[in-house]
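>>> 3D model of this:
(2 chains)
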Amino acid sequence: NAGVTQTPKFRILKIGQSMTLQCTQDMNHNYMYWYRQDPGMGLKLIYYSVGAGITDKGEVPNGYNVSRSTTEDFPLRLELAAPSQTSVYFCASSYHNQETQYFGPGTRLLVL
Amino acid sequence: DAKTTQPTSMDCAEGRAANLPCNHSTISGNEYVYWYRQIHSQGPQYIIHGLKNNETNEMASLIITEDRKSSTLILPHATLRDTAVYYCIVRPNNAGNMLTFGGGTRLMVKP
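You can find the predicted model right below:
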């Protein structure tokens, strides 16, 4: 199994641009999550999904959108990039919400 | 949600045991204690979790006090590759709950 994969690894955006961060897992996990991590800080939950077609907001959802059309994929959309969205984004998945979360390698995003 | 308190940083000599404390004095009965670590620039990695009994796996041991108000993660023989930020997380055991990462403890294993 590849586990949780994320693309791209690194991206520079201009203010106001949009982009989609991709996340795929091959472990048939029901739950998927998006976190952001600012320098020197812990992770904050942006959005999560408990299964295909179901998503919900986390702690810091503003400025982001998600969709979950399949079990495997959970893309994160930034519509109007802002410098405050400069961060490292981690995707994670788990079979149940009480189970261990497995994290991807992260996407580093710089908004200038 | 219960919150956790961890030291900001710790050092450990290579080959010695690393004991990382965590205080979670407001933990409630159905909340688990989870430990994750994050090696520089990588995604967090699960280490171990427990409810009230001590737990051990191939990576570490978790010692939870009888009153469950604190716990200690033990890396029995720390190596340089164990240098990372270690997060102690208390997690409610109900649907929709998520991991809440605090600041963690930055463990530096030194030769």
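>>> tell me where the model's unsure across the chain.
You didn't pick a chain, so chain A it is. For chain A, applying pLDDT under 70 flags the ranges A:97-98.
>>> wrong one, I was asking about chain B
Those would be B:1-2, B:93-97, if you go by pLDDT under 70 across chain B.
>>> quick one: residues contacting the most centrally placed residue in chain A.
Central residue of chain A (CA atoms, centre = their mean): A:W34, 3.2 Å from the mean position. Going by CB atoms under 8 Å, 6 or more residues apart in numbering or on different chains, A:W34 touches A:21, A:23, A:45-48, A:58, A:64, A:66, A:74, A:76, A:89-92. Where C-beta positions appear, they are placed from N, C-alpha and C, glycine not excepted.
>>> what's the helix or strand for it?
Counting by DSSP states H and E, the element that carries A:W34 is strand A:31-37.
>>> can you name the element that comes right after that strand?
In N-to-C order, the element after strand A:31-37 by DSSP H and E is strand A:43-51.
>>> thinking again about what came up before, can you tell me, leaving aside adjacent residues, what's nearest to the residue nearest to the centre of chain A?
The shortest distance from A:W34 to any non-neighbouring residue, by CB to CB, 6 or more residues apart in numbering or on different chains, is to A:I46 (4.4 Å).
>>> isn't that neighbour right up against A:G58?
Yes: in this structure, A:I46 is within contact of A:G58 by CB atoms under 8 Å, at 5.2 Å.
>>> now do the shared contacts for these two.
Going by CB under 8 Å, 6+ apart, residues that sit against A:I46 and also against A:G58 are A:34-35.
>>> one step back: so which of the contacts of A:W34 is the most crowded?
In terms of neighbours by other CB atoms under 10 Å in any protein chain shown, the contacts of A:W34 top out with A:F74 at 29 neighbours.
>>> what's the closest non-adjacent residue to it?
A:M32 is the one closest to A:F74 (CB to CB, 6+ apart), at 4.0 Å.
>>> list the contacts for that neighbour?
Contacts for A:M32 (CB under 8 Å, 6+ apart) come out as A:23, A:25, A:48-49, A:68, A:74, A:91-93.
>>> go with 10 Å
A:4, A:23-25, A:47-52, A:55, A:66, A:68, A:71-74, A:91-94, A:101 (CB atoms under 10 Å, 6 or more residues apart in numbering or on different chains).
>>> same check on A:D26?
A:1-5, A:71-72, A:93.
>>> what helix or strand is B:E58 on?
With DSSP H and E as the test, B:E58 turns up in no helix or strand.
>>> residues in contact with it?
Counting by CB under 10 Å, 6+ apart, B:E58 makes contact with B:I48.
>>> how much space separates the residue nearest to the centre of chain A from B:M98?
For A:W34, the distance to B:M98 (CB to CB, to the nearest Å) stands at 11 Å.
>>> now, which of the contacts of A:W34 lie within strands?
When DSSP state E defines the strands, the subset of the contacts of A:W34 inside them is A:21, A:23, A:45-48, A:64, A:66, A:76, A:89-92.
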